[in-house]
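*Asks:* One predicted model, sequence on top.
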Amino acid sequence: MNEEEVRSVREMIRMQMQKAQERGVSLYVDDHPASPEEVACKCVQEQTVYMPDYVLNDMGILEQVRFDRIDPQ
């Protein structure tokens with residue numbers, strides 16, 4: 001991806017995470033609370049892969065999105 005595409009993807013992820021956060025969804029990166037900007041910056045990197053884990057409450061409503069770094073083997 002070129003730099004413009006990277007910026008575009010980062011902005012798209014930031015906006016999605018901001019909307020989720022506005023609905024009361026907590027965001028985490030590597031077990032630490034994170035802002036939509038932090039999520040977008042961490043998740044759009046060339047050498048690192050982050051996988052989202054969607055945490056639902058007992059009623060099946062999204063409560064948290066947790067991004068954890070994974071090491072491809």
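*Replies:* Yep, that arrived. Here the structure is a predicted model, which is why all the values come from computation and not from measurement.
*Asks:* Check the secondary structure at Gln47 for me.
*Replies:* coil (DSSP: H, G, I helix; E, B strand; the rest coil).
*Asks:* swap in Gln64?
*Replies:* Going by three-state DSSP: Gln64 is strand.
*Asks:* For the closest residue to it other than its chain neighbours, pull up the helix or strand it's in.
*Replies:* Leaving aside its chain neighbours, Gln64 sits nearest to Val55 (3.9 Å; criterion: CB to CB, 6 or more residues apart in numbering). Bear in mind the C-beta positions are built from the backbone N, C-alpha and C, glycine included. Take DSSP states H and E as the rule and Val55 turns out to sit in strand 49-56.
*Asks:* Who are the packing partners of that strand?
*Replies:* strand 62-70 (3 or more CB pairs under 8 Å, 6 or more residues apart in numbering; DSSP states H and E).
*Asks:* tell me the mean pLDDT over the strand it packs on?
*Replies:* Mean pLDDT, computed over strand 62-70, is 95.
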